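In: Need a 3D model of the sequence below.
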Amino acid sequence: MLLVFNTIILISCFNNWYTHIINIFFIKWIFIYNLVVNFAIIVSKLELIICTVLIIVTCYILIYSVNYLEVDVNIFNFISLLLLFTISMIISVAANNWITFFIGWETLGLISYFLINYWNTRIEANKSALKALLWNKIGDLFLLYAIINIWFIFKSYNFIIMNFSITYIKSNFILYSMTICILIAIFIKSVQFILNIWILDAQINYTI
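Out: This next block holds a predicted model:
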């Protein structure tokens, strides 16, 4: 599911998918020379559809979790982590720039660690959580490489600006390499083929 959401965001950066956009500004948190980064989200038909699906799926997971963990004294900790995971995913989906996206992305990886290590008295859970965290950090390095190079090519991290300026950008090695790095990061995060070696260990720890 995360693969679908992140891939749509990636594709939408380079296509005219946004219509009737509303930018919701929260705070300006980076202002260095020409680099201005706001913590802001985009509200459009695309984001509304994705977030609606995400919230519906989360509700089903919550209903199942409440019944599955009804005798667990730490059930509220699990529900809190799950809600934080959902919020992080919404931030990634609705972000209007790569920095905000990266914050949501990193939070997803951190929350994943705590979810996998929910029963932290198990050695298997500890090992699986560390393994997942390590693989996520490998993906983060690829994404970070791409984000750094995005500034040199587009001089902006804003998705809307990138959407309109992509037609004026000449294809080059850096553009192709950062696109591949973004895809690799997405594949690792969403445990796709070949890069999914950590997910089997992680799934074991969701059973009592």
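
In: Closest to the centroid, which residue in the protein?
Out: W105 (3.4 Å; C-alpha atoms, centre = their mean).

In: Would you check how far apart it and I138 are?
Out: 13 Å (C-beta to C-beta, to the nearest Å). (Glycine included, C-beta is placed from N, CA and C.)

In: what does I111 give?
Out: In terms of C-beta to C-beta, I111 sits 18 Å off from I138.

In: How about S190?
Out: From S190 to I138 the distance is 14 Å (C-beta to C-beta).

In: other SSEs contacting the host helix or strand of L81?
Out: Assigned by DSSP states H and E, L81 falls within helix 75-94. Using 3 or more C-beta pairs under 8 Å, 6 or more residues apart in numbering; DSSP states H and E as the contact test, the elements touching helix 75-94 are helix 2-12, strand 35-43, helix 45-68, helix 98-116.

In: weakest of these by average pLDDT?
Out: Sorting the helices and strands packed on helix 75-94 by mean pLDDT places helix 2-12 lowest, at a mean of 49.

In: what about the helix holding L81, distance to the chain center?
Out: Distance of helix 75-94 from the chain centroid (C-alpha atoms, centre = their mean, to the nearest Å) equals 11 Å.

In: Number of residues surrounding the nearest residue to S88 once chain neighbours are set aside?
Out: Nearest-residue entry for S88: T107, 3.9 Å, with adjacent residues in sequence omitted and distances by C-beta to C-beta, 6 or more residues apart in numbering. Using other C-beta atoms under 10 Å, T107 has 17 neighbouring residues.

In: what's the answer for L83, then?
Out: There are 13 residues near L83, going by other C-beta under 10 Å.

In: Report the contact partners of I103.
Out: Counting by C-beta atoms under 8 Å, 6 or more residues apart in numbering, I103 touches 39, 91, 95.

In: What residues of the helix or strand containing F164 count as buried?
Out: Take DSSP H and E as the rule and F164 turns out to sit in helix 159-165. For helix 159-165, the neighbour count (16 or more other C-beta atoms under 10 Å) marks 159, 162-163 as buried.

In: that older thread, give me the more crowded residue out of S190 and I138.
Out: Set S190 next to I138 and count neighbours by other C-beta under 10 Å: S190 wins out with 18 against 13.

In: tell me the phi and psi of that one?
Out: phi -100, psi 20 (degrees, to the nearest 10).

In: The helix or strand hosting I182 - what's its average pLDDT?
Out: According to DSSP H and E, I182 maps onto helix 173-189. For helix 173-189, mean pLDDT is 85.

In: buried stuff in it?
Out: Buried, per 16+ other C-beta under 10 Å, within helix 173-189: 175, 178, 181-189.

In: And stretch 51-67, by the same measure?
Out: So stretch 51-67, judged by 16+ other C-beta under 10 Å, has buried residues 51, 54, 58, 65.

In: With that, I have no additional questions.
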